[in-house]
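Engineer: my questions concern the predicted model and sequence given below.
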Amino acid sequence: MPELPEVEIIKRELTLVLVDQQIVSLEIIDPKLKVKPDDVGGKLIKNLIRKGKYLFWIFSDQSSLLVHLGMTGHFLYTSNREHLPYQRALIVLSEGYLSFCDSRRFGKMQYLTMTEREKVMSSLGIDPLSEDYSWDRFEQLFKDKSLSVKNFLMNQKYLAGIGNIYASEILFLSAIHPEKRVSELSLDEKRTLYSSIPVILNRAIVCEGTTIRDYHHSDGSSGSFQYRLRVYNKEGVPCDVCGTEIRRLKISQRSTYYCPNCQKR
DNA sequence: CATTCATCCTGCTGGC
DNA sequence: TGCCAGCAGGATGAAT
């Protein structure tokens, strides 16, 4: 559900609310979540870090809480204690309450030591909006690979943060067919791809994310990048560059949208 | 390495 | 109106 831009917006919102606050207590409603109330009760939140679609709440003792929103996870910050639909956890803060809701229960919360967090972070690929994102590193990622460029973009161990919506949008902007093998990309195509990735992600951040069904801000409002989508969810709609109908195909069981004229094999 | 498929979950929509 | 198939911003692990 939330991809890098949505998680970045959530990070900014939560940063305002959480930094320098103390967790008074934690109530776990869904036992799938790998945190115990004693792990985080009394901890002081010093910082929030995002890598790809992962969020880490860093405590003053350097331990942390990993949060991944899965497809439908979201937070709601309220001044009163709430009991909400699909609520999986309630974090009682020194000021206010933060509810974690997640209808499909693909979201994750896990308490981590500093070593464990470093291990999780190093298992993730390059975040395209971080300082680690450089042409040299990007180019290295293609070595010894032949998978489709769509699957390449989606795999979090190569690049961290791109999901199903933005993969299609990035490939449209790059004019690259999603099934093209990365081993067959020309230098020009790789360079175009390299620059398109942060362009799309940053545009989506400016629009505060894409709200199609589940994603909402922690105050309940929506993003607006759904109005800027050019191919995602637009099967049969004329391409706004050339007028050809947008097509949908499945790559690894995921819907993929592209313009057959602008994105040739 | 890579693909395909199943699995984890729940809710919504569209077609009949 | 009711039912069922298929779909959904994700990730992982097994089998091939």
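Structural biologist: Done, it's in.
Engineer: correct me if wrong, but A:Leu48 is in a helix.
Structural biologist: No. Using DSSP: H, G, I helix; E, B strand; the rest coil, the assignment for A:Leu48 is strand, not a helix.
Engineer: and chain A, which residues reach DNA strand B?
Structural biologist: Residues of chain A lying near DNA strand B by Cβ under 7 Å from any atom of the strand: A:32, A:86, A:103-106, A:144-148, A:151, A:251-253. Where C-beta positions appear, they are placed from N, C-alpha and C, glycine not excepted.
Engineer: tell me the least confident of those residues?
Structural biologist: When these are compared by pLDDT, A:Asp144 scores lowest at 87.
Engineer: and the closest residue to DNA strand B within chain A, what element?
Structural biologist: Nearest residue of chain A to DNA strand B: A:Lys145, at 2.9 Å (Cβ to the nearest atom of the strand). Using DSSP states H and E, A:Lys145 falls within no helix or strand.
Engineer: that one is in contact with A:Lys190, isn't it?
Structural biologist: No. Counting by Cβ atoms under 8 Å, A:Lys145 stays clear of A:Lys190, with 12.0 Å between them.
Engineer: ok, the two, which is more surrounded?
Structural biologist: The residue with more neighbours, out of A:Lys145 and A:Lys190, is A:Lys190; 19 against 14, by other Cβ atoms under 10 Å.
Engineer: show me the contacts for the more buried one.
Structural biologist: Shown in contact with A:Lys190 (Cβ atoms under 8 Å, 6 or more residues apart in numbering): A:138-139, A:142.
Engineer: list buried residues within these.
Structural biologist: A:138, A:142 (16 or more other Cβ atoms under 10 Å).
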